[in-house]
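A.B. asks: Predicted model and sequence below, questions to follow.
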Amino acid sequence: MNRLIREPSTARPGVILRLFKVFFLSLLLSATGAGAAQDYNLPSIGQPADNVLSPAEEKRIGQRVVSQLKAQGMILEDPELEAYVADIGWRLAEHTERPPSDFTFFVIDDPSVNAFALPGGYIGVNAGLLLETETESELAGVVAHEIAHVTQRHIARQIEATQGLTWVTAAAVLLAIIAGGGDPSVVQAALTMGMSNLGQQQINFTRQHELEADRLGIHTLARAQYNPNGMADFFRKMERRSRLYGNRLPEILLTHPVSDTRISEAESRIRDLHVETVHESEDYALMRARARVLSSKQPSDAVTYFEEKRRRAETGDPATDYGYALALTRVGRLERSHAILADLAGREAAHPHYALAYARVLLDQGQGGEALEVLADVRPRHPSYLPMTLAYAEALIVNDRAADARNYLMDKRRLVENNADANRLLARAADKEGRLAEAHYRDARYFFLRGNHAAAIHRLQAGLKLPDLSQDDKARLEAALREYRGDCHDKLSERECRERVEGTGSRRY
């Protein structure tokens, strides 16, 4: 239930992601022409940027990069954190000209402070950003800024201003850096290409986009009933920190330079806005604690942090207790974690995060029946909460109720069609029941939804070799195989797809 599925990886997420972001910044700086306009008027969407990069192409590029990030273990795949960040993003997106469904939000397993937007509405938020902010409005301010980069199609506009550089070529180099694990020769070549021909006009063009994203983001914050001061507050904090870092600036200051001009412009725009009531989620403090635990490279560090915080506190803080219990669970101190979470869940019986964490400890202690009882009691109060749905299905499987788990998930057709983790659980349920063809089909669907065409195709091919395969199962597996091969050829080159499926490129995929 916590980080349900993690594919094995030997990559170094922090190092590789830093290379990715440095290259991404340098690419954006170099991908601008000498005639960059200095006015800050919004563009009319559908301008010449469409000639170099269509919305469909942006989506394909974003999907490809995200699938690589997942394959390298760089995305923190925790259902509760993902749902929390997505709720903030979708709440903001409702107040833009783009529907919330156009956006996908994910959490990067990196303690550094940063966020970034990819083509196609994919927005990554580092775990470190949650730890650095002090209010949900500050966090939402950064997300609103990234949403504005997407709605104004800044990447496509920068490419449109470039002569001779195509984003498709740049994306290939970017992905080579990610997949290559930071090979020095590849990195140097990419950075040399990205940093060439920099000039003051090109830097100003990027600053124009930053100011534009600030302006739109502040108005989006206010319309979504967040505190619009959240963005300016975070700017001021980063500006103060920049004086302390010297040459070792945090990532967010490399990709989003803060200046007195940006701060003063933000403050000026905020003065013209009025929000009668600010609504911030009570989950913010809990999710900050959760992000700290899950992003700690040494689980014992999180235990030490929360022990010290509990020692200093004059009164009990539920978020601190929650984080401490999660940290204890990670280091195997289950009895102490059990006691804390039983108390939290007892005080707030309907609270989903406490119930989920308590059920996790019970499962780890081999008390599957008790875990199922906890979730069965809380689940009806949160019928649409995805982490609860996945956790309840997992608990059913653990309690040898695979058929019930399958029926429960299959009643949620939309979820099964689009959610990778739901398909992995269905594969587990089918395997327990001895329905091997179904298990292969669901496993393949899991990999396909994660963008791993090679693994999906291999699972289908293995399924087609099962003995005593029924005609219906054979037809279903063959249909999926045609679909996934076609999608692979559409999103990758035919040669690249063939190499990955045959194994010559699968090591990097």
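C.D. replies: Cool, got the structure.
A.B. asks: in the protein, which spans are strands?
C.D. replies: 104-108, 115-118, 122-126 (DSSP state E).
A.B. asks: Give me the below-cutoff pLDDT ranges for this protein.
C.D. replies: For the chain, the stretches flagged by pLDDT under 70 are 1-53, 155-206, 242-261, 263-264, 503-509.
A.B. asks: Nearest residue to the middle of it?
C.D. replies: residue 106 (1.1 Å; C-alpha atoms, centre = their mean).
A.B. asks: Surely that residue touches residue 89?
C.D. replies: No. Using C-beta atoms under 8 Å, residue 106 makes no contact with residue 89, being 9.8 Å away. From N, CA and C alone the C-beta is placed, and that goes for glycine too.
A.B. asks: Mind listing the shared neighbours of these two?
C.D. replies: residue 123 (C-beta atoms under 8 Å, 6 or more residues apart in numbering).
A.B. asks: so what's the closest residue to residue 321 other than its chain neighbours up against?
C.D. replies: Excluding the flanking residues, the one nearest residue 321 by C-beta to C-beta, 6 or more residues apart in numbering is residue 340, at 5.5 Å. Neighbouring residues of residue 340 by C-beta under 8 Å, 6+ apart: 321, 324, 325, 328.
A.B. asks: rewinding a little: what's the closest of the strands of the chain to residue 450?
C.D. replies: Residue 450 lies closest to strand 104-108 among the strands of the chain, at 11.6 Å (C-beta to C-beta).
A.B. asks: distance between the longest helix seen in the chain and the chain's centre?
C.D. replies: As assigned by DSSP state H, the longest helix anywhere in the chain is helix 200-223. With C-alpha atoms, centre = their mean, to the nearest Å as the basis, helix 200-223 stands 23 Å off its chain's centre.
A.B. asks: For it, buried residues please.
C.D. replies: Under the neighbour-count criterion of 16 or more other C-beta atoms under 10 Å, helix 200-223 has 202, 205-223 buried.
A.B. asks: try stretch 410-425
C.D. replies: Within stretch 410-425, the residues scored as buried using 16+ other C-beta under 10 Å are 415, 416, 419, 420, 421, 422, 423, 424, 425.
A.B. asks: Helices - which of those residues land there?
C.D. replies: 415, 416, 420, 421, 422, 423, 424, 425.
A.B. asks: What's the separation between the nearest residue to residue 139 once chain neighbours are set aside and residue 125?
C.D. replies: Of all residues not flanking residue 139 in the chain, residue 133 sits nearest, at 4.5 Å (C-beta to C-beta, 6+ apart). Computed as C-beta to C-beta, to the nearest Å, the residue 133 to residue 125 distance reads 10 Å.
A.B. asks: Which one of the two is surrounded by more residues?
C.D. replies: Ranked by neighbour count (other C-beta atoms under 10 Å), residue 133 and residue 125 place residue 125 first, with 26 against 21.
A.B. asks: returning to what we had before: I figured the residue nearest to residue 139 hits residue 127, correct?
C.D. replies: No. Using C-beta under 8 Å, residue 133 makes no contact with residue 127, being 11.5 Å away.
A.B. asks: returning to what we had before: name the nearest of the contacts of residue 340 relative to residue 368.
C.D. replies: Looking at those and their distance to residue 368, the nearest is residue 325, at 19.4 Å (C-beta to C-beta).
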